[in-house]
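**Q** here is a sequence with its predicted model. Questions after.
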Amino acid sequence: MRSIASRMSVMSGEGALSVFARAKELEAQGHSIIHLELGEPDFHPGQSVIDSAVQALRDGKDRYCNVIGVAALRQEIVAYLKRTRSIDVEAENIVIAPGCKIALFQSMMALLNPEDEVLYPDPGFPGYASISLGLGAVPVPFTLSAKNKLQPDPDEVARKITPRTRMLLTNSPGNPTGTVYTDEVQRALAELAVKHDLWVLSDEIYARIIYGGEYMSMLRYPGMKERTLIIDGFSKSFAMTGWRLGYTIAPPEVVPALNLMVVNTYTCVAEFTQYGAIDALRDREGNTPRMVAEFARRREQFARDLNRVPGFRIMLPEGAFYAWVDITGTGISAEELCRILLEDAGVAAIPGAAFGPAGKDFIRFSFASSTATLKEAVERIQKVSSAWQATPVR
Ligand code: PLP
């Protein structure tokens with residue numbers, strides 16, 4: 001009998017993409033929409049990145065290439081992580097992937113058996129639970145609650161560890177909350193991982209987008225080197241979403257499994273894009289710091305303006321480019337609120353439950369848009385705010 005495999009029925013889509021689809025429909029009908037739903041920088045990579053990729057194409061670098069990635073790119077990642085994150089990794093333990101999502105998928109497929117439990121942040125990137133379920137594993141959420149300043153609570157994580165727990169997933173700075181895990185929290189999580197001999201999958205895709213302080217990779221904590229896989233890529237830090245480039249840094253014994261996954265799926269990542277990526281990592285034009293400085297300005301303005309909307313409350317995010325707004329004060333559900341914002345105000349945002357049950361009283365805006373656009377978005381929201389009854393937070 002012809003049927004779709006049962007694993008597909010337990011996987012889920014992404015709230016951002018379904019809001020985007022409806023927003024596009026409205027646009028096609030002539031409505032003006034401000035897109036604050038997708039996690040995509042409104043920047044492009046610098047000219048030298050594009051030139052390097054074009055030159056690589058001209059040089060004939062359009063063949064099948066090294067399965068785990070071009071050696072020169074893996075070498076450059078070693079230097080980049082040393083410079084920007086103070087960590088020492090080896091080029092032979094880096095596997096290039098077409099985006100972080102596939103890197104996550106690959107790592108989880110390589111390490112998880114059916115019924116293994118995966119601890120992951122709720123709210124969190126939708127793929128964490130969906131991929132776990134698709135692999136027959138059991139996603140076990142730990143909560144990032146407002147009363148805990150959206151930080152993981154290591155005591156809660158400890159309580160949720162069972163003999164079946166195989167993996168601890170961390171994401172700092174986090175999507176959708178913008179939380180940068182404190183040193184104390186990361187140290188405690190690392191200790192738990194050592195004590196219970198867990199794999200740590202550290203999604204560090206937003207590592208460069210922080211608004212103060214030094215970034216602490218999970219790899220910097222005692223006992224982490226042999227159990228941690230770092231996921232990072234070019235979509236966010238280098239504004240290269242459409243290039244589809246990411247990588248995993250894995251302990252040596254995991255690399256052959258990742259290699260096998262590549263061989264059985266995408267064979268290799270497009271060679272010429274990898275030459276562009278080398279240039280991006282060198283960042284001679286200072287594109288990343290310039291973009292982050294601009295995000296910092298938007299963050300201040302947008303958070304201040306959103307806090308003036310009746311019923312909205314937002315903590316200043318410490319990293320990434322998302323405003324995670326507590327909307328309890330509006331007295332209506334996040335789904336209804338997002339519907340009003342999209343249909344009546346023409347502002348696309350995502351209901352928090354799209355990131356897990358703990359997000360149900362929140363909505364997420366991306367602030368990867370110009371300050372003028374963000375201002376206009378809040379003006380539009382203010383205009384429709386009479387639709388919900390509440391008193392201004394301040
Ligand atoms: N991890 C997190 C936390 C993300 O927010 C995203 C993208 O939104 C990804 C992974 C996937 O990124 P990529 O574009 O590299 O597949």
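**A** Alright, I've got the coordinates.

**Q** list the buried ones in the helix or strand harbouring Ile381?
**A** Element membership for Ile381, per DSSP states H and E: helix 371-384. Using 16 or more other C-beta atoms under 10 Å as the burial criterion, the residues of helix 371-384 that qualify are Leu374, Glu376, Ala377, Val378, Arg380, Ile381, Val384. (Glycine included, C-beta is placed from N, CA and C.)

**Q** ok, and the closest non-adjacent residue to the second one?
**A** Using C-beta to C-beta, 6 or more residues apart in numbering and skipping the chain neighbours, the partner closest in space to Glu376 is Ile34 (6.5 Å).

**Q** tell me where the chain is predicted with low confidence.
**A** 389-394 (pLDDT under 70).

**Q** number of nearby residues for Pro163?
**A** 6 (other C-beta atoms under 10 Å).

**Q** quick one, domains of this structure?
**A** 7-44+287-387, 48-282 (automatic domain parsing).

**Q** the ligand is nearest to which of these?
**A** domain 48-282 (3.1 Å; C-beta to the nearest ligand atom).

**Q** how about the residues of the stretch 151-300 of the chain by the ligand?
**A** Neighbours of the ligand within the stretch 151-300 of the chain, by C-beta under 6 Å from any ligand atom: Asn171, Asn175, Asp203, Ile205, Gly233, Ser235, Thr241, Gly246.

**Q** what helix or strand does the residue nearest to Ser12 when sequence neighbours are not counted sit in?
**A** Closest residue in space to Ser12, ignoring its immediate chain neighbours: Ser130 at 4.7 Å, by C-beta to C-beta, 6+ apart. With elements taken from DSSP H and E, the one containing Ser130 is helix 127-134.

**Q** strands of the chain, start to end?
**A** In the chain, strands defined by DSSP state E lie at 34-35, 94-97, 117-122, 138-143, 165-171, 199-203, 228-233, 246-249, 313-314, 322-326, 347-348, 350-351, 362-366, listed in chain order.

**Q** okay, now the sheet partners of the third one, with direction.
**A** Strand 117-122 has the following strand partners under DSSP bridges: strand 138-143 (parallel), strand 165-171 (parallel).

**Q** what of the first one?
**A** Partner strands and pairing direction for strand 34-35 (DSSP bridges) are strand 347-348 (parallel).

**Q** contacting residues around the partner strand?
**A** Here strand 347-348 makes contact (C-beta atoms under 8 Å, 6 or more residues apart in numbering) with 19-20, 22-23, 33-37, 341-342, 377, 380-381.

**Q** repeat that with 6 Å
**A** Val19, Ala23, Ile33, Ile34, His35, Leu36, Glu37, Leu341, Leu342, Ala377, Arg380, Ile381 (C-beta atoms under 6 Å, 6 or more residues apart in numbering).

**Q** thinking again about what came up before, next, format the strands of the chain as TSV and append mean neighbour count.
**A** Below are these laid out as TSV (neighbours: other C-beta atoms under 10 Å):
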stretch	mean neighbour count
strand 34-35	22
strand 94-97	26
strand 117-122	25
strand 138-143	20
strand 165-171	25
strand 199-203	26
strand 228-233	26
strand 246-249	26
strand 313-314	20
strand 322-326	24
strand 347-348	24
strand 350-351	25
strand 362-366	27
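
**Q** for those strands, give me CSV that also has distance to Thr273.
**A** Listed next are the strands of the chain as CSV, based on distance: least, C-beta to C-beta, whole Å:
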stretch, distance to Thr273
strand 34-35, 25
strand 94-97, 9
strand 117-122, 29
strand 138-143, 31
strand 165-171, 25
strand 199-203, 21
strand 228-233, 12
strand 246-249, 11
strand 313-314, 36
strand 322-326, 26
strand 347-348, 29
strand 350-351, 29
strand 362-366, 24
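
**Q** so which of those is nearest Ser333?
**A** strand 350-351 (7.8 Å; C-beta to C-beta).

**Q** for that closest one, packing partners?
**A** helix 15-28, helix 334-340 (3 or more C-beta pairs under 6 Å, 6 or more residues apart in numbering; DSSP states H and E).

**Q** most tightly packed of these?
**A** Among the helices and strands packed on strand 350-351, the stretch with the highest mean neighbour count (mean count of other C-beta atoms under 10 Å) is helix 334-340, at a mean of 19.

**Q** tell me what it is packed against?
**A** Short answer (3+ C-beta pairs under 6 Å, 6+ apart): helix 334-340 packs on strand 350-351.

**Q** next, the contact list for the residue nearest the centre of the chain, please.
**A** The geometric centre of the chain, computed from its C-alpha atoms, lies nearest to Asn175 (C-alpha atoms, centre = their mean), at 4.9 Å. Neighbouring residues of Asn175 by C-beta under 6 Å, 6+ apart: Phe125, Ala320.
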